[in-house]
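K.L.:
what's the 3D shape of this:
(chains A, B, C, D, E and F)
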Protein chains: 4
Amino acid sequence: MTEKQEKILQSALELFAKEGFHATSTSKVAKNACVSEGLIFRHFGNKEGLLSAILQLGENRIKALFVDIVMESDPKEVIRKAILMTSGIDKADYDFWKLQFKLKWELEVSSDKKMEPLKMALTNAFNKLGYEEPELEANLIILFIDGIGSAVLKGSELDSEEMMRFLIKKYNL
Amino acid sequence: MTEKQEKILQSALELFAKEGFHATSTSKVAKNACVSEGLIFRHFGNKEGLLSAILQLGENRIKALFVDIVMESDPKEVIRKAILMTSGIDKADYDFWKLQFKLKWELEVSSDKKMEPLKMALTNAFNKLGYEEPELEANLIILFIDGIGSAVLKGSELDSEEMMRFLIKKYNL
Amino acid sequence: MTEKQEKILQSALELFAKEGFHATSTSKVAKNACVSEGLIFRHFGNKEGLLSAILQLGENRIKALFVDIVMESDPKEVIRKAILMTSGIDKADYDFWKLQFKLKWELEVSSDKKMEPLKMALTNAFNKLGYEEPELEANLIILFIDGIGSAVLKGSELDSEEMMRFLIKKYNL
Amino acid sequence: MTEKQEKILQSALELFAKEGFHATSTSKVAKNACVSEGLIFRHFGNKEGLLSAILQLGENRIKALFVDIVMESDPKEVIRKAILMTSGIDKADYDFWKLQFKLKWELEVSSDKKMEPLKMALTNAFNKLGYEEPELEANLIILFIDGIGSAVLKGSELDSEEMMRFLIKKYNL
DNA sequence: CATGAATGAGTCTTCATTCAT
DNA sequence: GATGAATGAAGACTCATTCAT
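P.N.:
Next comes the predicted model:
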């Protein structure tokens, strides 16, 4: 991965996140990355290839976020960590996460599969804690995480930290 | 509002919802509506004008959905109706709602303001029912509603009906 | 067919004939026709559509050249007219004919089918005149016509008129 | 001439013949030859240089084809050999010959000069045999040879072997 | 009201070519 | 000799928009 390749990736991430995939032209990306437009196509084939590269780069980051939760053995801790998940994301990574959420709508990429391991871990945790409908409880937590993430990234006025604290209290964690 | 105007609006709604605002060209809209491209501009000024018209048309529909909840006096019923809100939307209106969600991300339009009356009603309801932190409870419900709606419109495998039933049970409604 | 459409067709014919199809850019055609580049695509769909339109326009001209030969009843006259065919083409139509020949090579369009009616007429004529191998004689004439046309359009120094006279003498026509 | 140089030449010949000069990109040639694109330019300067190299390579082959005819002393044999010229070309060399014919149209390179020695030999032969207009006879033969070659390389349904036999019979050779 | 011809700026992409390594 | 990263100009084609009819 050359230096310019990374610059392209970085610029594309930033612009796709800010303006959206379709609203960002490859020429804008090139200008922003201070490279020739052609270089984008030499390295990533086409505009979608560029997007894929960004998405691929991100998959790892998502897994990294999940691993700490999925590996946890204490069920209460699993749920607590899940609820607090979004508080752990770096402000510098906002563009990346914003892009993830944006693309779910712009390109209709389902996030079900990505969330599957988290859902399993949560279902399992609620099960151990004797909840009647562990799977639905898990769904609810995921809905919460997704909602909080959405709100924060869209710049909502919702106080996410307080919401997390509140939910943790609700579940006696 | 002439017949052709409505056809344009309907086509634009459908296409913006399916493909996104930026990915839909005015020519596609015109073709889909079986009118000349020029007519779009005569009626709506420009592409953004067309979008505004759709959004405006939608504002009313949102208010209509809210009014039944906000006018309700029984606090339990307020919460129940809020939770069941998304179950009341017509399948024929999917495009419309999908567009609303899509645009929140594509154009970064905050939905805080739109949700304000609902939040007030819910806060008030939780307050009446003696909940300790009624505002946070209200936020949580909204988060869930938004999440469920979101999931359904994105074609997630989440069973929305069951989630609603589950929430209603959780809140003893 | 609007005035500008015709101008585009005319310019394309001229440039495709002079420089070749692939070597002629749509922007060159547009500039030469004094229209916007987009107009080409509005009217002809794409570059190949433009080519097809030109070719289609030409089919008629070819038929017109053939009809006089095919309709002739005197076998000697059929052959004579076939040999003299290329002498009847207007200098103003050079571009058109050049394009036809060029495309046979550039796009590997077989001319067999187009020549079929002529071949039938010639075969028939030679047959009536009692030639032993009328079909091969017909082929030879066609080879001659094609060769003369080629030579003239490529600007060869070959004296086509004299060649025709010579062949007519050879066949005692 | 290194191994890679030959591979480039071979690939270029193949592609130029198949797709045409303008429709073949240097990158396609490089890929087909399994070399870096830069190498083409190091060896041949630019795309036209590559073409020139191929053409130069071809000149020799044409001379080789002619030499056997031009050196022949028996006039009948000269004409016979000329007519049969195209039957002597190797199927493996089709690409090469196709390119020669293609370029005559794509780059408007006159073939008059190349054919000059053949024309002289034929004129001379017809003269010796007492034909009245030996130069025109020579021209006619060349027209036929060119036409037959042309037809074969374009994949016409013309039976070239039979045409040659027919011509030989016609000229009592 | 409605059409469709027309445009110019912009889209993604490919091109031939250069150059540091 | 050979590579492959890099470029700028040009490629075909689409866009939102205007305007005469």
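K.L.:
Please count neighbours and contacts with C-alpha atoms only from this point.
P.N.:
OK.
K.L.:
Run through the helices of chain A in chain order.
P.N.:
Counting by DSSP state H, chain A has helices at residues A:3-19, A:26-33, A:37-44, A:47-70, A:75-84, A:94-106, A:112-128, A:134-153, A:160-170.
K.L.:
Any part of the first one near DNA strand F?
P.N.:
Just to be clear, that refers to helix A:3-19. Yes - counting by C-alpha under 7 Å from any atom of the strand, contacts between helix A:3-19 and DNA strand F involve A:Glu3, A:Lys4, A:Gln5.
K.L.:
Give me the buried subset of those.
P.N.:
Members of the residues of helix A:3-19 next to DNA strand F that pass the buried threshold by neighbour count (16 or more other C-alpha atoms under 10 Å in any protein chain shown) are listed as A:Gln5.
K.L.:
ok so, going back, D:Ser52 is nearest to which of the helices of chain A?
P.N.:
Taking C-alpha to C-alpha as the criterion, helix A:37-44 is the member of those that comes nearest to D:Ser52, at 28.6 Å.
K.L.:
counting contacts, what elements does the closest one pack onto?
P.N.:
Under the contact definition 3 or more C-alpha pairs under 8 Å, 6 or more residues apart in numbering or on different chains; DSSP states H and E, helix A:37-44 sits against helix A:3-19, helix A:26-33, helix A:47-70.
K.L.:
Which of those helices comes out lowest on mean pLDDT?
P.N.:
Ranked by mean pLDDT, the helices and strands packed on helix A:37-44 end with helix A:47-70 at the bottom, a mean of 90.
K.L.:
buried stuff in that helix?
P.N.:
Neighbour counts using 16+ other C-alpha under 10 Å place A:Lys47, A:Leu50, A:Leu51, A:Ile54, A:Leu55, A:Gly58, A:Phe66, A:Ile69, A:Val70 of helix A:47-70 among the buried residues.
K.L.:
Now render those as TSV, adding distance to chain C.
P.N.:
Output for those, formatted as TSV (distance: C-alpha to the nearest C-alpha, whole Å):
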residue	distance to chain C
A:Lys47	22
A:Leu50	27
A:Leu51	28
A:Ile54	33
A:Leu55	34
A:Gly58	39
A:Phe66	50
A:Ile69	55
A:Val70	54
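K.L.:
Those residues of chain A touching DNA strand E, which are they?
P.N.:
A:22, A:24-28, A:37-38, A:41-42, A:45-48.
K.L.:
Which of these has the largest number of neighbours?
P.N.:
A:Thr26 (20 neighbours; other C-alpha atoms under 10 Å in any protein chain shown).
K.L.:
Looking at the residue nearest to A:Glu161 when sequence neighbours are not counted now. What's its pLDDT?
P.N.:
Of all residues beyond its chain neighbours, the one nearest A:Glu161 is A:Ser87 (7.2 Å), with distances taken as C-alpha to C-alpha, 6 or more residues apart in numbering or on different chains. The model reports A:Ser87 with a pLDDT of 91.
K.L.:
can you count the residues close to A:Ser87?
P.N.:
A total of 16 residues lie near A:Ser87 under the criterion other C-alpha under 10 Å.
K.L.:
contacting residues around A:Ala23?
P.N.:
A:Ala23 sits next to A:Phe16, B:His22 when contact means C-alpha atoms under 8 Å, 6 or more residues apart in numbering or on different chains.
K.L.:
From DNA strand F, how far off is it?
P.N.:
In this structure, A:Ala23 and DNA strand F are 10 Å apart, going by C-alpha to the nearest atom of the strand, to the nearest Å.
K.L.:
Let's see the pLDDT reported for that residue.
P.N.:
In the predicted model, A:Ala23 carries a pLDDT score of 95.
K.L.:
any idea how far stretch A:57-65 is from the chain center?
P.N.:
Computed by C-alpha atoms, centre = their mean, to the nearest Å, the separation of stretch A:57-65 from the middle of its chain amounts to 8 Å.
K.L.:
Residues in contact with it: which ones?
P.N.:
The set of residues that contact stretch A:57-65 without belonging to it, under C-alpha under 8 Å, 6+ apart, is A:Met85, A:Phe96.
K.L.:
who's in contact with A:Ser36?
P.N.:
By C-alpha under 8 Å, 6+ apart, the residues touching A:Ser36 are A:Ala30.
K.L.:
how about it, phi and psi?
P.N.:
Main-chain dihedrals, A:Ser36, degrees, to the nearest 10: phi -70, psi 150.
K.L.:
quick one: is stretch A:45-65 near DNA strand F?
P.N.:
No - applying C-alpha under 7 Å from any atom of the strand, one finds stretch A:45-65 separated from DNA strand F by no less than 11.3 Å.
K.L.:
coming back round to it: want to throw the helices of chain A into a markdown table with distance to D:Leu99?
P.N.:
Shown next, in a markdown table, are these (distance: least, C-alpha to C-alpha, whole Å):
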| stretch | distance to D:Leu99 |
| --- | --- |
| helix A:3-19 | 40 |
| helix A:26-33 | 38 |
| helix A:37-44 | 30 |
| helix A:47-70 | 36 |
| helix A:75-84 | 68 |
| helix A:94-106 | 49 |
| helix A:112-128 | 54 |
| helix A:134-153 | 61 |
| helix A:160-170 | 71 |
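K.L.:
Tell me which of those helices sits nearest to D:Glu162.
P.N.:
Comparing these by their distance to D:Glu162 (C-alpha to C-alpha), the top pick is helix A:37-44, with 51.9 Å.
K.L.:
Contact residues of chain A facing DNA strand F?
P.N.:
Proximity of chain A to DNA strand F is assessed by C-alpha under 7 Å from any atom of the strand, with A:Thr2, A:Glu3, A:Lys4, A:Gln5, A:Cys34, A:Val35, A:Ser36, A:Glu37, A:Gly38, A:Leu39, A:Arg42, A:His43 identified as the residues in range.
K.L.:
Pull up the gap between the second one and A:His43, please.
P.N.:
The one in question is A:Glu3. Look at A:Glu3 and A:His43: by C-alpha to C-alpha, to the nearest Å, they are 12 Å apart.
K.L.:
do the same with the fifth one
P.N.:
Applying C-alpha to C-alpha, the value for A:Cys34 to A:His43 is 15 Å.
K.L.:
Which member of the residues of chain A next to DNA strand E is positioned nearest D:Gly155?
P.N.:
The closest of these to D:Gly155 turns out to be A:Gly45 (C-alpha to C-alpha; 36.0 Å).
K.L.:
Between all of the residues of chain A next to DNA strand E, which two are separated the most?
P.N.:
Using C-alpha to C-alpha, the pair of the residues of chain A next to DNA strand E lying farthest apart is A:His22 and A:Arg42, separated by 20.2 Å.
K.L.:
This completes my enquiry, with thanks.
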